[in-house]
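Enquirer: sequence-free structure coming up:
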């Protein structure tokens, strides 16, 4: 593998300084906490607005962006009226971005069993398998020069393939030259093995030459992003799906990209946690001095993390606050959550290793977010915001290619 620069994601201040440097506008739909939008901003786009139905996701988006958020159900949004409210005429927007919820198509889910069903999604109740058609409707009403839509690879396989073909036809019939490709996040700057289908379209009246981003000549490992990680549990071929295994799970060292972050703490990396060298001995943890950043450990109180401790362990540009011990529990420094709560099955297979879940700060790193990206809510809610998001670093590579095509 060729030489690679040290892993680093721009800070939020650095990203804001890059806004609108390419002269192009973007509006985001199904925006979540803003992963895609942040990628466009990294690529120099002026992100003019967003649409997000889940209240907490919209709250987090607003913590990190000045772009107004439309919180309506997308089914109630009139594209022309919305784009006009953002000061853009129909036909003048450069890029309409969208990541319709993908749980109904994920290979990790029940797929067709959930199609046409209103069910829990994040903190809401909604049907999600029809939302790509709402995205296509907005596309026809807004008429941007280009669009970029993201989804899981499961959209293109098995019983979902018919959905994918219908979606591609609907997008093409909306007046666009449409292409789709599966991209691997760990070859586009994200220290996580995260694959996504990226659908790109350019309006028929435009003559553009678009190429998907080429893979980088290197990938980032968990150790690049989090040097103190020793490795991570991987599921065995005989995993039953209920948290148990018919064969012993494996182990991947820190030189590999992290496993895919799931939408919750009990999926993806949450079920297969890391082991941290400096936190582990043969059978027990040492004292809290091992959890220091560059100075003394913040004072711990009986009720959790003191207010002063928050300032002492706040995330800065090149640091991720480490977990610490409190009352015999391993604590996430941002939320006070016990991240040492790991399944009994894994404890059985690894009796001498102190496994734990990722901290929120570590999740930011391996999801390609800035260290100072603001979040709110509980530990599971913060995990979900990052786990559902498009990795910003990955999307920035796609966005730069789209910008190059539009500006050529």
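Expert: Right, received. Where do you want to start? Being a predicted model, the structure only gives us computed values, none of them experimental.

Enquirer: pLDDT of the longest helix belonging to the chain, averaged?
Expert: Assignment by DSSP state H gives helix 392-407 as the longest helix of the chain. Helix 392-407 carries an average pLDDT of 97.

Enquirer: stretch 171-183 now?
Expert: On average, stretch 171-183 scores 95.

Enquirer: likewise stretch 81-97?
Expert: Summarised as a single mean, pLDDT over stretch 81-97 is 98.

Enquirer: and what of stretch 50-64?
Expert: Here the average pLDDT along stretch 50-64 is 97.

Enquirer: swap in stretch 252-259?
Expert: On average, stretch 252-259 scores 88.

Enquirer: straight-line length of it, end to end?
Expert: Across stretch 252-259, the straight-line distance between its terminal residues is 9 Å, by CA to CA, to the nearest Å.

Enquirer: go on, stretch 37-47?
Expert: 7 Å.

Enquirer: renumber starting at 113 from here on
Expert: Okay, using 113 as the starting number, the last item reads as stretch 149-159.

Enquirer: ok, back up a step: how about the longest helix of the chain: buried residues?
Expert: 504-518 (16 or more other CB atoms under 10 Å). Using the backbone N, CA and C atoms, a C-beta is placed for each residue, glycine as well.

Enquirer: try stretch 455-464
Expert: By 16+ other CB under 10 Å, the buried positions in stretch 455-464 come out as 455, 458, 461-462.

Enquirer: narrow these to those in helices?
Expert: Using DSSP H, these in helices are 458, 461.

Enquirer: closest one to residue 360 out of the buried residues of stretch 455-464, please.
Expert: residue 461 (5.6 Å; CB to CB).

Enquirer: so the residue lying closest to the closest one once chain neighbours are set aside, which state does it fall into?
Expert: Nearest non-adjacent residue to residue 461, counting by CB to CB, 6 or more residues apart in numbering: residue 360, 5.6 Å away. Secondary structure for residue 360, judged by DSSP: H, G, I helix; E, B strand; the rest coil, is coil.

Enquirer: quick one: low-confidence ranges for the stretch 113-262 of the chain?
Expert: 113-114, 214-241 (pLDDT under 70).

Enquirer: helices of that one, start to end?
Expert: Listed in chain order, the helices of the stretch 113-262 of the chain (DSSP state H, counting those that start in this stretch) span 124-129, 147-154, 167-176, 191-197, 243-254.

Enquirer: need these in JSON lines with mean neighbour count and distance to residue 316, can you?
Expert: Putting these into JSON lines (neighbours: other CB atoms under 10 Å; distance: least, CB to CB, whole Å) gives the following:
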{"stretch": "helix 124-129", "mean neighbour count": "15", "distance to residue 316": "33"}
{"stretch": "helix 147-154", "mean neighbour count": "28", "distance to residue 316": "23"}
{"stretch": "helix 167-176", "mean neighbour count": "20", "distance to residue 316": "32"}
{"stretch": "helix 191-197", "mean neighbour count": "17", "distance to residue 316": "18"}
{"stretch": "helix 243-254", "mean neighbour count": "21", "distance to residue 316": "12"}
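
Enquirer: out of those helices, which gets nearest to residue 499?
Expert: helix 147-154 (10.3 Å).

Enquirer: how about the closest residue in space to residue 259 that isn't next to it in sequence, what does it touch?
Expert: Closest residue to residue 259 apart from its sequence neighbours, by CB to CB, 6+ apart: residue 208 at 4.5 Å. By CB atoms under 8 Å, 6 or more residues apart in numbering, the contact list for residue 208 reads 138-139, 141, 250-251, 254, 256, 258-260.

Enquirer: tell me the secondary structure at residue 312.
Expert: State at residue 312, reduced to three classes by three-state DSSP: strand.

Enquirer: okay, it: pLDDT?
Expert: 97.

Enquirer: any idea how far it is from residue 183?
Expert: 27 Å (CB to CB, to the nearest Å).

Enquirer: so what's the residue nearest to residue 454 when sequence neighbours are not counted bridging to?
Expert: Closest residue in space to residue 454, ignoring its immediate chain neighbours: residue 467 at 4.8 Å, by CB to CB, 6+ apart. Residue 467 has these beta-bridge partners by DSSP bridges: residue 387.
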